[in-house]
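>>> The following block contains a protein sequence and its predicted model.
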Amino acid sequence: MKQNSIFTLLAVLFFSGSMIAQTGYDNRRFTSGLFQVDEFIKRENKDVDFLDTSSYTGTPYNHPSYLLGNVYEGKELLANDIALRYNAVADEMEIKESLASPDTEAKVLTKSPEIFVKIMKDIYIFAPYKGGVEGGGYFQVLYEGNGVDLYKKMKKDFKPERKATSSITTDTPAKFTDDITYYLATKDGKFYEMPSSRNKKLKVFGSKKDEIKEYVKDNALDLNNEKDLLKAVKRYDGKM
């Protein structure tokens, strides 16, 4: 999907939100055509009931609760003010008719490079792998520039529950922690993974590495900080 069309559309929506709200999109009809969430796939056999939030710490989602958002296919609005959340464990976008709908009624949004969602202020796209859906995944769009884009990929590290081994120790609940990777993406669809090392991140900027390094130093930026990384990417994009 051409990312320019995404942001052109969103710019229009900022000025036409009230018009959209009055069109009365049938969220029930939209969700009825989707597949029910597969609980086994969702938890990947981790022996954790995602609905029992007292059994683990952290969250397998981008946000513990469903949030309102919109679903688009190209320039067409498919669903408005519908309940959404991203399941980072299964790499699925879960959707239900409204925030009041039971979680057990959640469906899975169809994976397609033509379909993207906006959850509150966050935009998620589905990027295919070698032209196919299998192996592809969801990415959060942090920046869309003239020459490059910055994407954020959220995964989850999982540590299973540990039972107490003696009378002086206690049970440790299962735990989900964020595992974030950033990607610099070119307009022809090439993705360059940002390494975890600050110095190695600079190599992704190629021939502009030294210039960006100087910019980072002069502005006391930390490339392992998302806001600072975004500043560096914007600087790089402006120099391309």
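Sure, I can see it.
>>> In terms of helix, strand or coil, where does the residue located most distally from the centre of the chain fall?
In the chain, the greatest distance from the average C-alpha position (C-alpha atoms, centre = their mean) is reached by residue 167, at 42.1 Å. Recorded secondary structure, residue 167: coil (DSSP: H, G, I helix; E, B strand; the rest coil).
>>> List the backbone torsions phi and psi for residue 134.
Note on residue 134: its backbone torsions stand at phi -60, psi 130 [degrees, to the nearest 10].
>>> Make 25 the starting number, not 1.
Yep, numbering from 25; the last one is residue 158 now.
>>> Pull up the gap between it and residue 152, please.
Counting by C-beta to C-beta, to the nearest Å, the gap between residue 158 and residue 152 amounts to 9 Å. All C-beta atoms are positioned from the backbone trio N, CA, C, and that covers glycine.
>>> Also residue 159?
On the measure of C-beta to C-beta, residue 159 and residue 152 end up 8 Å apart.
>>> helix or strand for the most centrally placed residue in the chain, which one?
Taking C-alpha atoms, centre = their mean, the centroid of the chain lies closest to residue 164, which sits 3.8 Å from it. Residue 164 belongs to strand 156-168 when elements are defined using DSSP states H and E.
>>> What strands flank that strand, and is each parallel or antiparallel?
Strand pairing for strand 156-168, determined by DSSP bridges: strand 146-153 (antiparallel), strand 172-183 (antiparallel).
>>> For residue 125, which non-adjacent residue is spatially closest?
Setting aside the residues directly before and after it, residue 125 is nearest to residue 107 in space (C-beta to C-beta, 6 or more residues apart in numbering), at 6.5 Å.
>>> Where does that neighbour sit, in terms of helix or strand?
Assigned by DSSP H and E, residue 107 falls in strand 100-111.
>>> Worst mean pLDDT across the helices and strands of the protein, which element?
Within the chain, confidence by mean pLDDT, DSSP states H and E is lowest for helix 27-45 among all helices and strands, at a mean of 45.
>>> Contact partners for the residue nearest to residue 125?
90, 91, 92, 93, 119, 120, 121, 122, 123, 125 (C-beta atoms under 8 Å, 6 or more residues apart in numbering).
>>> what about 6 Å?
Contact analysis of residue 107 by C-beta atoms under 6 Å, 6 or more residues apart in numbering lists 90, 120, 122, 123.
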